[in-house]
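**Student:** here are the coordinates; sequence isn't available:
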């Protein structure tokens, strides 16, 4: 299977938490080589959809497909392939607390190919850390890093195996401006390389500049799913209200 051409399809996805519906009958296709960005108010289900697309949390109904691979009915062989060709950046870092930074970064490589030589893995980890000026942190545990530094390690872990499909949850939160600009530059590079990206963000400016497709969620449902240009000119009242709240007008600014 050519992973450069693999679409990710969420079909009729429902997720329940006791009696509460977190994600409600969601259908979404993430096109290969494109950037799809999900936005919405806090608690709308956007991060849940991101994790479902990556196969990280259970679902009550529906299916997720990577081409012909059914993610929630997957065999071991296909699971290894999915692990090899996908990467996930968590909002809170989600690093292994009992492993040092080297071990956190090397895990995706070793899981994808246990036969890799240690020297090659060492070199990849060092190159990865050097790209963000974090070589000195290699043998430290996550607890010794700031929240922003842990976030950057989560990003490096997501991309270290050069996956074709990337999932990112609020990539620019908790990090300083310099690191944020470097990370955004990397994401634009991935877009230029034709990687498939599904990204959740609260940053409307980033969404407008980066997205090919824009998804707006409200109370567990997808309200708008369109190209970025069409979405930005949408007359949907929920989306308009959300966008106005993200970009307050001059009158609102003067009141602050």
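**Tutor:** Structure's in. What do you need? Note that this is a predicted model, so its numbers are computed, not measured.
**Student:** only C-alpha atoms from now on, for both contacts and neighbour counts.
**Tutor:** Will do.
**Student:** which residues does residue 17 bridge with?
**Tutor:** Here residue 17 shows beta-bridge partners residue 20, assigned using DSSP bridges.
**Student:** from residue 49, how far out is it?
**Tutor:** Look at residue 17 and residue 49: by CA to CA, to the nearest Å, they are 14 Å apart.
**Student:** more neighbours: those two, which one.
**Tutor:** Comparing residue 17 with residue 49 by other CA atoms under 10 Å, the one with more neighbours is residue 49, at 26 against 9.
**Student:** ok, the more buried one - contacts?
**Tutor:** Residue 49 sits next to residue 23 when contact means CA atoms under 8 Å, 6 or more residues apart in numbering.
**Student:** surely it is in a helix?
**Tutor:** Yes. Counting by DSSP: H, G, I helix; E, B strand; the rest coil, residue 49 is found in a helix.
**Student:** just use 38 as the starting number from now, easier for me
**Tutor:** Shifting the count to begin at 38 puts that one at residue 86.
**Student:** least confident secondary structure element in this protein?
**Tutor:** Least confident element among the helices and strands of the chain, by mean pLDDT, DSSP states H and E: helix 287-292 (a mean of 34).
**Student:** now do the strands in this structure.
**Tutor:** 45-54, 57-67, 72-77, 98-103, 106-107, 123-126, 202-206, 233-237, 250-255, 258-264 (DSSP state E).
**Student:** go through these and name the closest to residue 184.
**Tutor:** Residue 184 lies closest to strand 123-126 among the strands of the chain, at 13.6 Å (CA to CA).
**Student:** and the closest one, what does it pack onto?
**Tutor:** Counting contacts by 3 or more CA pairs under 8 Å, 6 or more residues apart in numbering; DSSP states H and E, strand 123-126 is packed against helix 184-196, strand 202-206.
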